[in-house]
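Chemist: predicted model follows, preceded by the sequence.
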Amino acid sequence: MPPLRLPVMAPGDRCPVTPKHAWSGPGQATAVLGDGPLYPIADYFPGGVLELRGEDREPDGSYVKKVRWLGAGYRGPVLLRVARIDGPGAASAQFSYFGGLRDDGYHAELTEPDNDLPATTTVGGPGCYAYQVDGASFSRTIVFRAVAAG
């Protein structure tokens, strides 16, 4: 799998949020983020924002959010990673029912070409973050903002 290559932001840069687009593929979604073949469902990111609420906060201060992904037309290995790109801060992502965490990210094997993939994303707090999702034939970056819900 390729090395982690995420956008670099200078202080004061605007978070380059990945726009949503209409979805008509398999699974229950009306819009997704990114170019696939694995996509986070846009409903979890209204306006490109992952809303951080008090009930999402863990004892260590991080926030855990449910984010469903859809897979379309891909079968094979997947490496899912996420990092904060506008400053320091921890982040992680994992699929809920399969795969496992390794030193370089969350690894899974998709055995069906079309998948509905429950997952969680953990962020340290508000900021600009990016997923990198890699497979045997693709590498995609998806950028989102995490904001305290108000």
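Modeler: Good, I have the coordinates.
Chemist: how far does the helix or strand of the chain with the lowest mean pLDDT sit from the chain's center?
Modeler: Across the helices and strands of the chain, the lowest-confidence element by mean pLDDT, DSSP states H and E is strand 100-102, at a mean of 86. Here strand 100-102 is found 16 Å from its chain centre; the criterion is Cα atoms, centre = their mean, to the nearest Å.
Chemist: what pairs with it, and is each one parallel or antiparallel?
Modeler: Taking DSSP bridges as the criterion, strand 100-102 pairs within the sheet with strand 105-110 (antiparallel).
Chemist: contacts for the partner strand?
Modeler: Residues from elsewhere that reach strand 105-110, judged by Cβ atoms under 8 Å, 6 or more residues apart in numbering: 4, 71, 74-81, 92-95, 98-101. (C-beta placed from N, C-alpha, C; glycine too.)
Chemist: list the buried residues of the helix or strand following it.
Modeler: Moving toward the C-terminus from strand 105-110, the first helix or strand encountered (DSSP states H and E) is strand 114-117. Within strand 114-117, the residues that qualify as buried by neighbour count (16 or more other Cβ atoms under 10 Å) are 115, 117.
Chemist: compute the inter-axis angle for the helix or strand just after strand 114-117 and strand 105-110.
Modeler: On the C-terminal side of strand 114-117, the closest following helix or strand by DSSP H and E is strand 119-123. If you take axes from the mean of the first three to the mean of the last three Cα atoms, to 10 degrees, strand 119-123 sits at 170 degrees to strand 105-110.
Chemist: direction included, what does strand 119-123 pair against?
Modeler: Each strand that strand 119-123 pairs with, and the sense of that pairing, follows from DSSP bridges: strand 63-66 (antiparallel), strand 91-95 (antiparallel).
Chemist: quick one: the closest residue to S139 other than its chain neighbours and G34, what's the gap?
Modeler: Spatially, and ignoring its direct neighbours in sequence, S139 is nearest to P2 (5.0 Å; Cβ to Cβ, 6 or more residues apart in numbering). According to Cβ to Cβ, to the nearest Å, P2 stands 16 Å off from G34.
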